[in-house]
Every structure is written in structure tokens, then in C-alpha cells.
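In: just the structure for this:
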Amino acid sequence: MDLACGNGVLASYLPPEVSYLGVDVASNLINQAKGNKNHQFLVADVTRPLPVKDQFTHASIILAMQNIRSPQRALFNVAKLLVKGGVLVIVLNHPCFRIPRQSGWGIDEKNKLQFRKVIKYMSPMEIPLFLAIKAVKV
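Out: Predicted structure coming up:
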């Protein structure tokens, strides 16, 4: 099970015979997800009880925990869906590297040095991600 799976990138790295469930609240990302007959995708909020009857041996939350408003609820939900002894893998960016509009990269041309500028850190704040995403040029 892959919570906050986005467009299901993890699924593409799994062997085709592995059963996979990707869950994300963003329907537009789930609509982009691709898998095989053993892969399922579900639009749901991972902080609310999930409409899932199966239990899982493994679960992941990859680069998303910092964007979940109530991470303890997501952890509670995944704990209910893991078998006894199941494994949960969480991958996080260090917070100072992932603060939309409050941190960024800079270049010191004179010293040929790339640096990270952090404006606000360890301060409670909410930054709507859809605004940050719109600002990114692709």
C-alpha cells in the first residue's frame, strides 16, 4: 500500500506480480497513474478511514508526510491496515529543503558556491500546495 501515492510512481518500480494499492486525495494524480492488473488506485484522504478491506505486509509514505495536515491520523490508518509485523517505510525531505516560498537555492558566483536560503524554519505555518505548484515553471 502506498499512501499519498501521487501518480503512482512507486508502482512502476515494483515487479508486475506484486499487488499494489496507491491512495491519494488528488484525483487528477490518480487519473495519471498507470499500473497492471495487480495494481489498484484509490482516490481517498489518507487521514480518514479508508474503504479498504485487505491487509498489507508493506506500506509506504514517500515524500508526502510533510504535506499531510494530520500525519498522526494517516499513521493510525496505515497501522490498522498492516498485518502484525508489517513494515511501514516513510521517506521525508529535511524540512529546511521543502518549505514552499520560504526556502530556495541560490548561487554565490564569486565563490562558485550553491547554497540553500531558509527564510522561515521551525515555525507553524500552512502553505497551500496548489499555489506553490502553479509557481513552478516546467
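In: and the longest strand for this structure?
Out: Scanning the chain for the longest strand, with DSSP state E as the assignment, gives strand 82-91.
In: packing partners for that strand?
Out: Packing contacts for strand 82-91, counted by 3 or more Cβ pairs under 8 Å, 6 or more residues apart in numbering; DSSP states H and E, involve strand 56-62, helix 71-81. Yep, even glycine has a C-beta here, placed from its N, CA and C like the rest.
In: change it to 6 Å
Out: Applying 3 or more Cβ pairs under 6 Å, 6 or more residues apart in numbering; DSSP states H and E, we find strand 82-91 packed against strand 56-62.
In: pairing partners for the strand it packs on, with directions?
Out: Paired with strand 56-62 in the same sheet, following DSSP bridges, are strand 2-3 (parallel), strand 82-91 (parallel).
In: show residues contacting the longest strand of the chain.
Out: For strand 82-91, the surrounding residues in contact (Cβ atoms under 6 Å, 6 or more residues apart in numbering) are Gln55, Phe56, Thr57, His58, Ala59, Ser60, Ile61, Ile62, Leu63, Met65, Val78.
In: which segments of the chain make up each domain?
Out: 2-91, 96-135 (automatic domain parsing).
In: export these to CSV and tack on mean neighbour count and mean pLDDT?
Out: Written out in CSV, the entries for the domains of the chain read as follows (neighbours: other Cβ atoms under 10 Å; pLDDT from 0 to 100):
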stretch, mean neighbour count, mean pLDDT
domain 2-91, 16, 93
domain 96-135, 10, 73
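In: partner residues bridging Leu88?
Out: Leu88 has these beta-bridge partners by DSSP bridges: Ala59.
In: which residue is the nearest non-sequential neighbour of the residue nearest the centre of the chain?
Out: In the chain, the C-alpha closest to the average C-alpha coordinate belongs to Ala64, at a distance of 2.4 Å (Cα atoms, centre = their mean). Spatial nearest neighbour of Ala64, excluding adjacent residues (Cβ to Cβ, 6 or more residues apart in numbering): Ala4 at 3.4 Å.
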